[in-house]
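Undergrad: curious how this folds, go ahead:
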Amino acid sequence: MFIFMIVLFVVGYVLIALEHPIKVSKSATALFLGIILWVCAVIGGENLLVDTTSLREFMMNHPGSEFKEWLVESKLVTALGEVSSIVFFLLGAMIIVELVDTQEGFRIITDKIKATKKVSLLWIISILTFFLSSVLDNMTTAIIMVALLRKLIGDKKERWFFASMVILAANAGGAWSPIGDVTTIMLWVAGKVSTLNIMEMTIMASLASILVPLIILSFIIKGEIQRPELTDNNIENQLTPNWQRTLFLCLGIGALLFTPVFKSLTGLPPYLAILGGVSVLWVVSEIVHRKDTGDIKQRYAVTTVIKRVDVPSILFFLGILMAVNALTTVGHLGLLATNLDTINLPEPEKYYLINVIIGLLSSVVDNVPLVAAGMGMYSFPMDHYFWEMLAYCAGTGGSILIIGSAAGVAVMGMEKIDFIWYLKRISGIALIGYLAGAGAFIGEKAIRKHFEDNKKEQSVEVKNSQKNVENTLSEQTYVGAFNETFL
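TA: Just a heads-up that it's a prediction; the model follows:
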């Protein structure tokens, strides 16, 4: 059953990748995969577990309980809580973006972007996404930027390409900030990295992971973009007063920016802040449009806006994360992390390689359990290079496949990007950027170590020189005193 679960997981991923050829929704496949893996865990029983420590503790605290009770009450409910917090965060962020979009709030930004050349627009969108993602989380940033792209680019395939680069930029931008990515937040909250150090030590690697693909693409893509044609609906929306657009844009961005502040102040999960933001925008929308009637009132109604949220993509996210949690509960991912530690290489090359492999795996398996397994395996001190590189690799490695990160899943759902299309056109560039960033991190560490070693040598030389001078002066003083005494 242990091997069978791995086979099921692989087959499920293949079916998700072949969604369009086989004409079966990836959301349906992901949901079925998440459920069937938990069923396998129940059937396999206690003998399926790699580590039974948690089970034994549960049995001690709940005398007379059985394996199924532990699996459901301790693991399934906990997993569902963790996944639901992400799902509700995604749902809230999507509703906020749709609310701002309905009020034409994003026009304030898109009207200022005058670039029509593909290369220029690609750089503007990518750099904007990179730095915005360091303040917001990468998933929220990706949702906002795709909403902007819909106003800037009319052609569907061209928008797919730009949206794919948003994924790369959002993941890269989130990796160097303590609040930009869920894995970096995990390391930060656990005291593995400090705020200023993680920013200083990973920003160059993160920049390399997006700048290298941008430079490559600058020599490949040509031409100009075509803005979307104005429909009757868009023309009507342009009658929205500027104050109204500004109000909802500020409220929407403010709600998203307030999320990390809310978490820091209260210690409560971020999805509560997002849902609170939804409620604020909902109330304001009701007040602003309370005198509207007919079609106008219906168009701005929040109940209408919510219907535009892509629920299948949220269900896809739910299914994938539940499937990964099933593998985590049984111990597949922990066993994988343990096997990685057996790599026979000297330090630091061994831990550099382990981090690179974790990043590659995070394009297939959710990076959260991989990082959690790494945190449980190692006890390096705060700001050790292993934690710094783990933040980079786990944060950016998911860009290699579109289903490898929360940002990728969100964009895939919003734009209906085909898995195979992304694999053919973006995965190679994303891999080059990922390896370039890893190389930049290792190179920067080597340079810093070289300068530190030189400083230490110079310090030793200065100390030796001072000691020699002191010895010489001491000898001279002794000789002078001897001469005065006896001669």
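
Undergrad: what about whichever strand or helix holds Asn355, average pLDDT?
TA: Using DSSP states H and E, Asn355 sits in helix 349-361. Across helix 349-361, pLDDT averages out at 89.

Undergrad: ok, and what's touching that helix?
TA: Contacts to helix 349-361, defined as CB atoms under 8 Å, 6 or more residues apart in numbering, come from residues 336-337, 340-341, 343-345, 367, 370-371, 374, 385-386, 389-390, 392-394, 396-397, 400, 434-435, 438, 442. Where you see a C-beta, it was placed from the backbone N, CA and C, and this is true even at glycine.

Undergrad: can you check stretch 129-145 too?
TA: Residues outside stretch 129-145 that contact it (CB under 8 Å, 6+ apart) are 89-90, 93-94, 97, 125, 128, 163, 166-167, 169-174, 176-177, 179-182, 206-207, 210, 256-257, 259-260, 270, 395, 405-408, 410-411, 414.

Undergrad: how far away is Ser84 from Asn325?
TA: Between Ser84 and Asn325 the distance, using CB to CB, to the nearest Å, works out to 11 Å.

Undergrad: who has more neighbours, the two?
TA: Asn325 (25 against 16; other CB atoms under 10 Å).

Undergrad: give the contact list for the residue most central in space within the chain.
TA: Against the mean C-alpha coordinate of the chain, by CA atoms, centre = their mean, the closest residue is Asp181 at 4.1 Å. Residues in contact with Asp181, defined by CB under 8 Å, 6+ apart, are 137-138, 171, 174-175, 391, 394-395.

Undergrad: without its sequence neighbours, what residue ends up closest to Ile442?
TA: Once its chain neighbours are removed from consideration, Ile442 has its nearest residue in Tyr352; the separation is 5.7 Å (CB to CB, 6 or more residues apart in numbering).

Undergrad: quick one on the thing from earlier: got JSON lines for the contacts of Asp181, with neighbour count, pLDDT and distance to Met5 too?
TA: Rendered in JSON lines, the data for these read as follows (neighbours: other CB atoms under 10 Å; pLDDT from 0 to 100; distance: CB to CB, whole Å):
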{"residue": "Asp137", "neighbour count": "27", "pLDDT": "72", "distance to Met5": "30"}
{"residue": "Asn138", "neighbour count": "34", "pLDDT": "81", "distance to Met5": "29"}
{"residue": "Asn171", "neighbour count": "38", "pLDDT": "91", "distance to Met5": "28"}
{"residue": "Gly174", "neighbour count": "35", "pLDDT": "86", "distance to Met5": "30"}
{"residue": "Ala175", "neighbour count": "30", "pLDDT": "87", "distance to Met5": "30"}
{"residue": "Ala391", "neighbour count": "32", "pLDDT": "90", "distance to Met5": "29"}
{"residue": "Ala394", "neighbour count": "29", "pLDDT": "88", "distance to Met5": "23"}
{"residue": "Gly395", "neighbour count": "35", "pLDDT": "87", "distance to Met5": "27"}
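
Undergrad: and which of the residues you listed is nearest Leu8?
TA: Of all the contacts of Asp181, Ala394 has the smallest distance to Leu8: 24.5 Å, by CB to CB.

Undergrad: contacts only, for that closest one.
TA: With contacts taken as CB under 8 Å, 6+ apart, Ala394 has the following neighbours: 175, 181, 183, 358-359, 362, 367, 370-371.

Undergrad: if you rank those by neighbours, which is first?
TA: Among the contacts of Ala394, Asp181 has more neighbours than the rest - 34 neighbours, counting by other CB under 10 Å.

Undergrad: ok, and the closest non-adjacent residue to it?
TA: For Asp181, the nearest residue in space outside its immediate sequence neighbours is Gly174; the separation is 3.5 Å by CB to CB, 6+ apart.

Undergrad: isn't that neighbour right next to Ile185, touching?
TA: No - with contact taken as CB atoms under 8 Å, Gly174 and Ile185 are classed as non-touching, separated by 9.4 Å.

Undergrad: residue boundaries of the strands in the stretch 201-350 of the chain?
TA: Assignment of strands within the stretch 201-350 of the chain using DSSP state E, counting those that start in this stretch yields no ranges at all.

Undergrad: closest one to Ile225 out of the contacts of Ala394, please.
TA: Using CB to CB, Ala175 comes nearest to Ile225 of those, at 28.3 Å.

Undergrad: please report how far that closest one lies from Ser209.
TA: If you measure Ala175 against Ser209 using CB to CB, the figure is 8 Å.

Undergrad: ditto for Asp181
TA: Using CB to CB, Asp181 is found at 13 Å from Ser209.

Undergrad: before we move on, what about Lys151?
TA: Distance, Lys151 to Ser209, by CB to CB: 27 Å.

Undergrad: re the thing from before, the residue nearest to Asp181: what's it in contact with?
TA: Here Gly174 is in contact with 133-134, 137-138, 141, 180-181, 184, 395, 407 (CB under 8 Å, 6+ apart).
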